[in-house]
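**Student:** only geometry, no sequence info:
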């Protein structure tokens, strides 16, 4: 039977033995080859990153030339200027920073709530007013 299978499958018997649960042939240099492969992948990745860094540097150089030519500013510079403009108080401005609110202005909420309750009680009939006052 073994002979018949070998003849039918030709040279694929090595793989058949592995699939049927036989022992795998171990390559003595497999670990060394794997390390070499990993090192090659790492080296390729480093080369790719270096290439992209060079390309980005060239692009930034071209962008800067265009900015200089047309008097444009970087996004970061624009955002920084806008932020600084917002932080500076403008004279005659209708808005004021929150720190400029005088102390005691926010404490009136409780008094307003009491006055609202009193106003509602005024419109209730007499017996209901007595119930709520107790």
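**Tutor:** Thanks, I have it. Please read all numbers here as calculations on a predicted model, not as lab measurements.
**Student:** just checking, residue 67 touches residue 73?
**Tutor:** Yes: contact criterion CB atoms under 8 Å: residue 67 and residue 73 qualify, at 6.9 Å. Where C-beta positions appear, they are placed from N, C-alpha and C, glycine not excepted.
**Student:** phi, psi for residue 122 please.
**Tutor:** Dihedral pair for residue 122: phi -60, psi -30, per degrees, to the nearest 10.
**Student:** what about residue 58, distance to residue 37?
**Tutor:** Residue 58 sits at a distance of 32 Å from residue 37 (criterion: CB to CB, to the nearest Å).
**Student:** let me know the pLDDT of residue 18.
**Tutor:** Listed pLDDT for residue 18 reads 64.
**Student:** next one: the one 4 residues further on
**Tutor:** At residue 22 the predicted local confidence, pLDDT, stands at 58.
**Student:** equivalent analysis for residue 15, please.
**Tutor:** On pLDDT, residue 15 comes in at 63.
**Student:** residue 57 too?
**Tutor:** For residue 57, pLDDT reads 97.
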